[in-house]
Structures are given as C-alpha cells and as structure tokens.
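1. Got a predicted structure here, sequence first:
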Amino acid sequence: MFWTSVGLIGYSYAGYPLVLALLARFRPRPRWKPSDCPSVTLIIAAYNEEQAIAQKLDNSLALDYPPDLLRIIVAVDGSEDATRKVVAGYSSRGVDLDFSPERKGKMAAINRVMPKAKGEIVVFSDANNLFSSDTLRELVKPFSDPTVGAVTGSKNITKDDSALGASEGLYWRYESFIKQQETRLGCCTAVAGEILAVRKSLFRPPPDRIINDDFYLATDLIKHDYRVIYAPQAHSFERVSATADDEIKRRARIIAGRYQALAHARRLLPFNRPLIVWQLISHKFLRPLVPFAMIAALWANLYVVLFPDPADRFSLMNLAAPFGWMLLVLQTLFYSVAWLGRKRQQDNWLGKLLYLPTFLVNSNWAALVGCLRYLSGRQTALWERVQRRG
C-alpha cells in the first residue's frame, strides 16, 4: 500500500511530466502558418464584477486586433451590483451587453449569447483577468490548421510578493510546461476557461449541471477528432486569491468537476486515440486521487512502525527498521512544515520556500473537499466569486 501510494503521487507530479517531455523530444515544435486575422467574438462572463469589469473592458478594447474583426459581448449573469450599469457605459465604444436578471451560471450565460457571436472564432474570458496586447493574434494562429478545434493560452499570476502568489505562479509555470509537451505530441488535454478560443462552428454547449464546462468543451472536441492546442505566447494575467482559504474554495469547485468527469470517463474519453487517453488519465484523472494516496502512505507507514514484523530486517520494500522510522520522520517533517507555513506565512524567500509544502497540502485538502461536495451533490454549476489580492 505504501509503495503503490508513493508511486501514484510520484507519477502524477513528476513521472508523467518526465515521460511526456522525453516523448516530446522526438516531435518538432509546432509552427503555425501565418494567416489573415479571422473575425473574432470575445465573450466575457460576469457576475457581480463592478470593481473589475471597467479595467477588463479597457484592456479588451486596447487589444492589438483589427477593430472591424472583433466584437465584444459581456454576458452579465444575475448580477446584483452595478456591473450592468458599468458595461452599458461602454456601448458607444462597441461593447454589447446581454443581461439576465436570473443567475443560472457561466455556461448558461455563454449559451445565451452564442447566437449573437459573429465570425469564425469565439474567445471565452472572465471579468477578472487581463490579456496581453497580442493575445488574440497568438490565440488565432493555430486555427490556420483545420484539424485544430480549440486553442488555450497561458495563465499567469500577476507579480505578487506573497508566499501564496509565489506558489500559485510556480504551479502555473509547471502546468505550462506540461501543456507545451502535450501540444508537441499533437494535442493538449487541459485548458484555462478564462483564455479559451473555439471554432464557432464546432461549439456544442455542455449538458446541464456540468461543473467544469471548459474541460467538457475540450474533451468533446478531442472526441470528435479535433485537436486542442496550447499557445504559450497568448498571456492572461490575474491576481492570486486573497487568502489560502479562498484558494481552497476555488480549487474545491474545480476538483469537484474533476470527480464528475471521472464518473463520466467512459463517455468522455476518446478511446480511438490511445495516446490522448493516456494523457487525460495521467494529467486530469489521477490528480484528484493523490490526497487518498497521501493518506494511505501515512497510514501504511504508521501501521508498519507500530506493528513491525520481527522477521523483517533492513528491508526497504517492507519498511522494516530503520527504514520505516526514517520514512515516517520524513512524512512527519513534511506535514509539520506545511502546518507551519500555513500558520506563519512570511513573504521573504525562506517563507516562500517553506510555503511550497503548505500549497501542496492545501491543494490536496481542496481535492478532498471537492470530492465530498461532488458526492453529496452540493456542488452546482454556479461558480462562487472569491476575493483577489490587490
């Protein structure tokens, strides 16, 4: 049990990226043929975003893309604040407002405005992230290949001196590496819903109650033999969550969606594309199981130490003394540092280093919370807005 659990954890976090990188070395980096700018509709979903929406719209209107080929629609979903009023103030600059007084969720808002979308490409975004000026140009480049159905960009955390911000930024750089290797193998299996471009002709709305709508959209395209591409030069920036608890809440919702995807794996996995099935299982389906592996590894280690087999001596595989004690000390030290990092956050370099175990444990705690929320049916398709720093 111990070594199986450790193997699952090691493969999920390090083994898969390593094997992926080795395989990708035999494939050339993708190069996209330059093409004319296709017409694009940028859809921004917003719920109670009066503090962020003006900056988002200013950013969107300043993007380096031909204005006559770009349409901006803001789908305001049941907002109770002044979001609707702020967006309406941009109508003279070509921003379209679509408002529904009833809150039904992000995907419902997108489905509501899709008939208004014009052109070849639809780009989905949120109200609390900003694009670099050339992001749209970078997003549309891969669509010169007719086999490409969707393109996702790079999610970046705005420079932040906090330990949480440093850990979150490191995590997204790690994810960016994986997505680049997957793309070199032909298809990326993870997308960021706040920077996702889809061929309008291929868009099919997810069924009701789908939690991670962006993941469903991507896997649906993959199952229909289209490719999803990661464009690392298309940058999206957002601030980190205000607190560790806010980040746990945000991740718990996402991982509840992962468990939902696990439950529907038979319907989602493209079994005619075994390489991508391996990627999906390794990248998306094993991660939610890591917290259970962490618990099993600790329990097995404790059991062997408390109830040793007298016949075993100096057997690392059987965790015989002194190896069982040594590994238990290492596990105890790891969780102690994680606890210390949560209790005493420091924003210097040492504090950021010590916070990495905290971030890892918090992420897996969020996975357990997400599992409970999914199994209990308490997680809906509605997203909960969390506070951001700054």
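-> Received, thanks.
2. what about I73, which SS state?
-> strand (DSSP: H, G, I helix; E, B strand; the rest coil).
3. quick one: contacts for it?
-> 41-44, 95-98, 113, 116-117 (CB atoms under 8 Å, 6 or more residues apart in numbering). Bear in mind the C-beta positions are built from the backbone N, C-alpha and C, glycine included.
4. how about the strands in the stretch 1-150 of the chain?
-> 40-46, 70-77, 95-100, 121-126, 130-131, 148-157 (DSSP state E, counting those that start in this stretch).
5. Switch those strands over to JSON lines; also include mean pLDDT and distance to A192.
-> Output for the strands of the stretch 1-150 of the chain, formatted as JSON lines (pLDDT from 0 to 100; distance: least, CB to CB, whole Å):
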{"stretch": "strand 40-46", "mean pLDDT": "95", "distance to A192": "14"}
{"stretch": "strand 70-77", "mean pLDDT": "94", "distance to A192": "18"}
{"stretch": "strand 95-100", "mean pLDDT": "93", "distance to A192": "23"}
{"stretch": "strand 121-126", "mean pLDDT": "96", "distance to A192": "10"}
{"stretch": "strand 130-131", "mean pLDDT": "96", "distance to A192": "12"}
{"stretch": "strand 148-157", "mean pLDDT": "96", "distance to A192": "5"}
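6. Of those, give the one that comes closest to T189.
-> When the strands of the stretch 1-150 of the chain are compared by CB to CB, strand 148-157 sits nearest T189, at 10.4 Å.
7. What pairs with that closest one, parallel or antiparallel?
-> strand 196-199 (antiparallel), strand 227-238 (parallel) (DSSP bridges).
8. which of those strands sits most buried?
-> Using mean count of other CB atoms under 10 Å, the stretch among these with the largest mean neighbour count is strand 196-199, at a mean of 24.
9. and the residue nearest to G341 when sequence neighbours are not counted, how far is that from F334?
-> Distance criterion CB to CB, 6 or more residues apart in numbering; nearest residue to G341, sequence neighbours excluded, is T358 at 3.4 Å. Distance of T358 to F334, given as CB to CB, to the nearest Å: 10 Å.
10. Now tabulate the strands of the stretch 1-150 of the chain in a markdown table and tack on distance to L164.
-> Output for the strands of the stretch 1-150 of the chain, formatted as a markdown table (distance: least, CB to CB, whole Å):
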| stretch | distance to L164 |
| --- | --- |
| strand 40-46 | 25 |
| strand 70-77 | 28 |
| strand 95-100 | 33 |
| strand 121-126 | 20 |
| strand 130-131 | 20 |
| strand 148-157 | 9 |
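11. Which one of the ones you listed lies nearest to P206?
-> Set against P206 and scored by CB to CB, those come closest in strand 121-126, at 12.3 Å.
12. Next, the angle strand 148-157 makes with that closest one.
-> 30 degrees (axes from the mean of the first three to the mean of the last three CA atoms, to 10 degrees).
13. Count the neighbours of F271 for me.
-> For F271, the neighbour count with other CB atoms under 10 Å is 9.
14. The residue nearest to it when sequence neighbours are not counted in helix, strand or coil?
-> Counting by CB to CB, 6+ apart, F271 lies nearest to V277, which is 6.2 Å off, once chain neighbours are set aside. Judged by three-state DSSP, the three-state class of V277 is helix.
15. From I222, how far off is V277?
-> V277 is 10 Å from I222, by CB to CB.
16. Comparing the two, which residue is more hemmed in?
-> Neighbour comparison, V277 and I222: the larger count goes to I222, with 24 against 17 (by other CB under 10 Å).
17. Now tell me what touches the host helix or strand of that one from outside.
-> Assigned by DSSP states H and E, I222 belongs to helix 213-223. Helix 213-223 is contacted by residues 106-107, 110, 124, 149-150, 152, 187-193, 196, 198, 202-204, 206, 210, 227-228, 257-258, 261, 268-270, 273, 276, 280, 284, 381 when judged by CB under 8 Å, 6+ apart.
18. Show me how to select, in ChimeraX, the buried members of those residues.
-> A single ChimeraX command is used to select the members of these judged buried by 16 or more other CB atoms under 10 Å:
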select :106,107,110,124,149,150,152,187,188,189,190,191,192,193,196,198,203,206,210,227,228,257,258,261,268,269,270,273,276,280,284,381
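19. just to revisit the earlier point, report the angle between the helix holding I222 and strand 227-238.
-> 160 degrees.
20. Report the buried residues of helix 213-223.
-> Applying 16+ other CB under 10 Å to helix 213-223 flags 213-223 as buried.
21. For it, output the C-alpha coordinates as CSV.
-> C-alpha atoms of helix 213-223 as CSV (Å, rounded to 0.1, in the frame of the first residue of the first chain):
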residue,chain,number,x,y,z
ASP,A,213,-17.5,23.4,-18.7
ASP,A,214,-14.2,24.3,-20.2
PHE,A,215,-12.8,20.8,-19.7
TYR,A,216,-16.0,19.3,-21.2
LEU,A,217,-15.7,21.6,-24.3
ALA,A,218,-12.1,20.5,-24.8
THR,A,219,-12.7,16.7,-24.4
ASP,A,220,-15.8,16.9,-26.6
LEU,A,221,-13.7,18.4,-29.5
ILE,A,222,-11.0,15.8,-28.9
LYS,A,223,-13.5,13.0,-29.0
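22. pLDDT of it, averaged?
-> Average pLDDT, helix 213-223: 93.
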